[in-house]
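>>> Provide a 3D model corresponding to the input given below.
(chains A, B, C and D)
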There are 4 protein chains.
Amino acid sequence: MKPKASKEQVSEVIHKIKSVGLTPDVSSGEYQTVIGIVGDEKKIDFEQIKSMDGVLDAIRIQVPYRLISRSYIPKDVLVKVGDITIGKDNPPVYMAGPCSIESYEQLYRIGREVKEAGAHILRGGAFKPRTSVHSFQGLGEEGLKHLQAVGKDLSMPTVTEIRSEIDVEMVAKHSDVLQIGARNMFNQDLIEAAAKTGKPILFKRGFSAQIDEYLSFAERIVANQNRNILLCERGIMPLGGGFKSQTRFTLDLNAVPVLRKETPFPVIADPSHGTGRRDLVLPMSRAAIASGAHGLMIEVHDRPQDALSDGAQAVLPEDLKKIIKVSNLVHKAIRESESPFSSDVSNGSGRA
Amino acid sequence: MKPKASKEQVSEVIHKIKSVGLTPDVSSGEYQTVIGIVGDEKKIDFEQIKSMDGVLDAIRIQVPYRLISRSYIPKDVLVKVGDITIGKDNPPVYMAGPCSIESYEQLYRIGREVKEAGAHILRGGAFKPRTSVHSFQGLGEEGLKHLQAVGKDLSMPTVTEIRSEIDVEMVAKHSDVLQIGARNMFNQDLIEAAAKTGKPILFKRGFSAQIDEYLSFAERIVANQNRNILLCERGIMPLGGGFKSQTRFTLDLNAVPVLRKETPFPVIADPSHGTGRRDLVLPMSRAAIASGAHGLMIEVHDRPQDALSDGAQAVLPEDLKKIIKVSNLVHKAIRESESPFSSDVSNGSGRA
Amino acid sequence: MKPKASKEQVSEVIHKIKSVGLTPDVSSGEYQTVIGIVGDEKKIDFEQIKSMDGVLDAIRIQVPYRLISRSYIPKDVLVKVGDITIGKDNPPVYMAGPCSIESYEQLYRIGREVKEAGAHILRGGAFKPRTSVHSFQGLGEEGLKHLQAVGKDLSMPTVTEIRSEIDVEMVAKHSDVLQIGARNMFNQDLIEAAAKTGKPILFKRGFSAQIDEYLSFAERIVANQNRNILLCERGIMPLGGGFKSQTRFTLDLNAVPVLRKETPFPVIADPSHGTGRRDLVLPMSRAAIASGAHGLMIEVHDRPQDALSDGAQAVLPEDLKKIIKVSNLVHKAIRESESPFSSDVSNGSGRA
Amino acid sequence: MKPKASKEQVSEVIHKIKSVGLTPDVSSGEYQTVIGIVGDEKKIDFEQIKSMDGVLDAIRIQVPYRLISRSYIPKDVLVKVGDITIGKDNPPVYMAGPCSIESYEQLYRIGREVKEAGAHILRGGAFKPRTSVHSFQGLGEEGLKHLQAVGKDLSMPTVTEIRSEIDVEMVAKHSDVLQIGARNMFNQDLIEAAAKTGKPILFKRGFSAQIDEYLSFAERIVANQNRNILLCERGIMPLGGGFKSQTRFTLDLNAVPVLRKETPFPVIADPSHGTGRRDLVLPMSRAAIASGAHGLMIEVHDRPQDALSDGAQAVLPEDLKKIIKVSNLVHKAIRESESPFSSDVSNGSGRA
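Here you go, the predicted model:
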């Protein structure tokens, strides 16, 4: 409450809290009165409280995502995609392929190379949400069919992005993992429709979303009875200002240990979109694995200069091979150390 | 090109530019070679150029939105909604009403008050994209019917948000203006579906979108043969950091004169969402009109503490009356000055 | 406290609070225990509390700036500069002049023009903190002498920036108002040295500082027995991202009513630096006054293309004349309305 | 130039370019005229050009930092501190110690523990720039003497922050490395005074500074004939918004490979300040080394709950031991792989 809030104003807030079945806990300080709420805070609308007379602020102490938090699901969740198990102490999973599916031949050619380089899951986009009216827009269902055919021919599970609620059923028919892109992180209807298919969801963090906001949307997947969730850090907006940013996005690796600590779900990093620069994919892949990521998603093209989209960030198949090798070495070095992944994020300080 | 780019690398870039029918313009400097592109730069993919060997950077000089720019449509566009004409030197238009439609009675009660206060268009939400699984989600089509009925009964045109491509037809049947919210600014399919109805579109700027990015999405409305566009500044993400922000969003009034200069379409400001604070709506309404806004969108509730959503930012009907009065006085003072709106944004400096 | 905090952990926090002379207020909820602190929270270090075992978070409810807040100084402070009184309902004050002092002649020539245009205080920089090693660095003390001489010859008080603690005495000898620039907002030693001169301080908000952080540094001026404070909003960092920002900074007018509400000191806006674009100075000046600013600081140059610094944002003297005229009209329209400045920021909603 | 720029306007820009001894390179396209500048672009003020009539924009293609770039100093610079050589392929260097020096005993006690844990350089602050008037402000010169004495007694070189130009000489007398903190990144006078001592400078990136801006200030150290530069990434401002950020800052590891590529100087990461959370220091230390950092700076306290500042981010000495062990393992794994640090950042793609 504000320092000068009247008794009546305090009473009204107390009444409001009781009216939804919660217990208020009033403490009158030297300067002001603080009213705590005992019980499930979700029963009350904090914005409403904030708008009441005499109220200084209404702060939610408990975390805004419940179903997706470790307090609700304490143990690491393992997500299975085909024969691959993702999460916990399993070796890193690598998802690779071109940004856009251009033809069966293009996808097969690149798919074979990424498989040889060590990738487990084939990625490729059929619908491209581009920022300009005039760019290549994707092959649509034809592309999805190529993806399914190449996946089958190479024995690789597949992942592709759904862009619209209308396409959910069609995409789910053709792909093993459904990706929800950063620009759709707030698209509640799409999230719920995708979740209901029961398929694994690769759910990308929006580039302007704080982690708590991201998780409050991810929670909707669990709320629709789907726990096959792969969280994915893919870069946040860089700092603004008079100077042009060196990278298109800023891959936020702080998110990896925070997500591992807050939720039981595997965390994937996407250094291709996360930086927008081919030459940063190798060092940031190593760093992502070292920060605790359970896998990487990497754009690969054998002829980046001819790619119909995002050529500037695609690496060559031989680069992917190097990336996977060194990332596995980093993972192994950490797992065999005295402070492996599984122990380190709960609390960095032993003595405490 | 990079300072040490080889002749072959330069030749390849030149070849690439010619291959799409454009004319390269090469200038070899002391330190480096710069290759200009003469012709419509949209014919070429700059990301592809950037990924070529020896290329330092590929910068698009011409603006990324063409159809929506004043170079394409030089004269101010007037948008008609019912009997109201919005844009250019017309008096400000006021859109007001509750955040969520709760019932016919609630909407009628508030609608009558906002009309008396001077508002022209009735707003009310039927689908609420909230950030928590557990909040009130809106009345859906029932709410749309209330909106249409109250609009008719009060002789006010109406505006409401469409959240999903699936609902476009239904919403268009019931409302005069279709609003696309900030969280859907990147939702290309929704934008195109809404544009195709031909109805006026209130297109809100995403809270993490720079103006050029915003306009590149707004361009899709024009590209679908709809010029009934109301641009809308509704607040950007505040600065991050250790301190909590005073406001939930930062209403970016710089956007108003920039949008008026870059495009011919009317610009609306939303100080309610733009600040998230009831006590800032009055001063920021005055400031928005003074910056050149053609109208305001304001959330009003007669019992904010009971509102099912966004109560903290809704003003009372009597506040709306004050806001409209003083905003009209500010608009009048400027229009009658020696430097009215229409002249001032093209170039602030007379002598130059 | 964390949901599973032990009794011992709770006891230790209670003990800690008592050890500094404060009163803990414990409420044990269904899920967790919350410990409130009654008394002056400044007596305790929240970071220390946060690092204790079992503590989930330590949140400071009371505002972090005390001496500068309206709860400490309730009434509007008026700041006198020469014969001019700034603050409260006084007519807007205009500070204008070139970015850099280039010579006596240049400053006199421009000074005379800005005075004729209606400006009250002459500005000009003697030390320029530029972002490149190779730019013009300012005339130093010679420039300060020109400023003092021109100010005397034109009977205008003067304002200029201090960049270093070492220069405080020298600058105070020559100028009526001492400006602390945005890049020095965190420079505690400089703030304190300037405050101790007793001269009016124009204290600019850092471009990455939230308002509470800004005020916590402004408080140091009051703490050094100087209440002659002019707060100044001069633009925050624009949004980052793949697109280049339209403006170098984003003038944050939300700050104006927030600062007026939180503190008793006058608020100045700087639309020149705040946007970095000459053509936005006129509309944003109007908007700043409409938002409640007590004055404006504007860069003026009679030959912007020859200015040794910041030519792109300087307006011509004849533009300044228009800006002052229309800003005064806007101010007058609001002051004579039924909802003048002084009433509107305490609470926007009458009925509440 | 703008699409409709007149011939006279073009001529004037050409004249201006020639007037400073540069060669203009004019290409007239279908839509507009582009004027390139051949020669050292530093001879011309781009802001002045931008303010000329008919000019659309003036873009500097060459990088804004020259003396500090690899094009000026191509080979990796090694920085020696005592017996330690930092940079290139050398094993990571660890700087550790308390945030604030509280007494000789406290510093010796912690210093001995961090040395045993594997740290090379002892850190400790004597002047604390805190955000509140009421916090602990540091011991000043007394603290510096403790630092020097403990460094000698433990045979460890030392690093400490200089906060003010006035203190440079005193600090240089007592410490081996001079740190310039994030809040002083823009403090040109302090940078130059520190550089002139010839001592190694640990130069921290400002939390709102883009990399190019950071380097343009670091360049001033080289410009003052000091190449003993340790660049330091210490966290940028987190995203703003309605949700509270999980971390106080966002450690930006993208900066590490970018800085390694752009400049020849060693790069240090500070995961303590960079995240503000003790439990993230271990995973982000591993990630920083994997991204290519040449060393780490870590805050250590043996009794974090009693620390007079920043207790929430300090780790215990036994945590430091784990951090150093695993970071060394990660470094070794990468250095022995087929794609070691030194090769990977020049170009991630082999075939290109």
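
>>> which residue comes closest to residue A:191 once chain neighbours are left out?
Nearest-residue entry for residue A:191: residue A:220, 5.0 Å, with adjacent residues in sequence omitted and distances by CB to CB, 6 or more residues apart in numbering or on different chains. Just so you know, the C-beta spots here come from the backbone N, C-alpha and C atoms, and that holds for glycine as well.

>>> what's near enough to touch that neighbour?
Going by CB atoms under 8 Å, 6 or more residues apart in numbering or on different chains, residue A:220 touches A:188, A:191-192, A:195, B:133.

>>> can you pull the phi/psi pair for residue A:203?
Main-chain dihedrals, residue A:203, degrees, to the nearest 10: phi -110, psi 110.

>>> partners of it in the sheet?
Residue A:203 forms beta bridges with residue A:180, residue A:231, as assigned by DSSP bridges.

>>> doesn't residue A:231 make contact with it?
Yes. Here residue A:203 reaches residue A:231: they are 6.1 Å apart, a contact under CB atoms under 8 Å.

>>> picking up where we left off before, now, which of the contacts of residue A:220 lie within helices?
Among the contacts of residue A:220, the members found in helices (DSSP state H) are A:188, A:191-192, A:195.

>>> and those as TSV, adding distance to residue C:315 and pLDDT?
Listed next are these as TSV, based on distance: CB to CB, whole Å; pLDDT from 0 to 100:
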residue	distance to residue C:315	pLDDT
A:188	47	88
A:191	49	95
A:192	53	93
A:195	55	97
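
>>> now do the helices in the stretch 201-350 of chain A.
A:211-223, A:255-262, A:271-275, A:278-291, A:317-335, A:341-344 (DSSP state H, counting those that start in this stretch).

>>> check which residues of the first one are buried.
Residues A:211-223 are the ones in helix A:211-223 that count as buried (16 or more other CB atoms under 10 Å in any protein chain shown).

>>> circling back to that earlier point, lowest average pLDDT across the helices of the stretch 201-350 of chain A?
Lowest mean pLDDT within the helices of the stretch 201-350 of chain A: helix A:341-344, at a mean of 71.

>>> from residue D:52, how far off is residue A:194?
Applying CB to CB, to the nearest Å, the value for residue A:194 to residue D:52 is 53 Å.

>>> what about these two, which has more around it?
residue A:194 (28 against 19; other CB atoms under 10 Å in any protein chain shown).

>>> domain parsing for chain A?
A:7-50, A:79-344 (automatic domain parsing).

>>> now the terminal residues of the first one, how far apart.
Across domain A:7-50, the straight-line distance between its terminal residues is 17 Å, by CA to CA, to the nearest Å.

>>> next one: stretch A:227-244
Using CA to CA, the two ends of stretch A:227-244 sit 40 Å apart.

>>> cool, and stretch A:163-182?
10 Å.

>>> now swap in stretch A:193-213 and tell me
End-to-end distance for stretch A:193-213: 20 Å, by CA to CA.

>>> that older thread, can you add distance to residue C:273 and give the domains of chain A back as a markdown table?
Listed next are the domains of chain A as a markdown table, based on distance: least, CB to CB, whole Å:
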| stretch | distance to residue C:273 |
| --- | --- |
| domain A:7-50 | 34 |
| domain A:79-344 | 11 |
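
>>> out of these, which gets nearest to residue B:46?
domain A:79-344 (8.8 Å; CB to CB).

>>> which residues touch residue A:190?
A:162, A:164-165, A:168, A:180, A:184.

>>> related to what we said a few turns ago, so what sits against both of residue A:203 and residue A:231?
Counting by CB under 8 Å, 6+ apart, the residues touching both residue A:203 and residue A:231 are residue A:218.

>>> related to what we said a few turns ago, turn the ones in helices among the contacts of residue A:220 into a markdown table, columns for neighbour count.
Formatted as a markdown table, the ones in helices among the contacts of residue A:220 follow (neighbours: other CB atoms under 10 Å in any protein chain shown):
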| residue | neighbour count |
| --- | --- |
| A:188 | 22 |
| A:191 | 25 |
| A:192 | 17 |
| A:195 | 25 |
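
>>> among those, which one sits closest to residue A:151?
Lowest distance from residue A:151 to these (CB to CB) belongs to residue A:195, with 22.2 Å.

>>> got a list of what that closest one touches?
Residue A:195 touches A:201, A:220-221, A:223-226, counting by CB under 8 Å, 6+ apart.

>>> apply 6 Å and report the result again.
A:221, A:224, A:226 (CB atoms under 6 Å, 6 or more residues apart in numbering or on different chains).

>>> would you turn those residues into a markdown table with distance to residue A:313?
Formatted as a markdown table, the contacts of residue A:195 follow (distance: CB to CB, whole Å):
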| residue | distance to residue A:313 |
| --- | --- |
| A:221 | 27 |
| A:224 | 32 |
| A:226 | 30 |
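
>>> quick one: the strands in the stretch 1-150 of chain A, in order.
Using DSSP state E, counting those that start in this stretch, the strands found in the stretch 1-150 of chain A span residues A:23-28, A:33-38, A:79-81, A:84-86, A:93-97, A:121-123.

>>> who in the stretch 151-300 of chain A is up against chain B?
Neighbours of chain B within the stretch 151-300 of chain A, by CB under 6 Å from any CB of the partner chain: A:164-165, A:183, A:186, A:188-189, A:208, A:216, A:219-220, A:223, A:237.

>>> what separation do you get for the residue in the stretch 251-352 of chain A that chain B sits nearest to and residue A:123?
The nearest approach of the stretch 251-352 of chain A to chain B comes at residue A:311, 4.1 Å away (CB to the nearest CB). Distance, residue A:311 to residue A:123, by CB to CB: 16 Å.

>>> the more surrounded of these two?
Higher neighbour count among residue A:311 and residue A:123: residue A:123, with 30 against 24, using other CB under 10 Å.

>>> now do the contacts for the more buried one.
For residue A:123, the contact set (CB under 6 Å, 6+ apart) comprises A:95, A:97, A:159.

>>> neighbours around residue A:24, how many?
For residue A:24, using other CB under 10 Å, the count is 17.

>>> that one contacts residue A:33, doesn't it?
No. Using CB atoms under 6 Å, residue A:24 makes no contact with residue A:33, being 10.7 Å away.

>>> isn't residue A:231 up against residue A:258?
No. If you go by CB under 6 Å, residue A:231 and residue A:258 don't touch, sitting 10.6 Å apart.

>>> count of neighbours near the residue nearest to residue A:122 when sequence neighbours are not counted?
Nearest residue to residue A:122, sequence neighbours excluded (CB to CB, 6+ apart): residue A:156, at 4.4 Å. Counted with other CB under 10 Å, residues neighbouring residue A:156 total 24.

>>> appreciated, that's everything.
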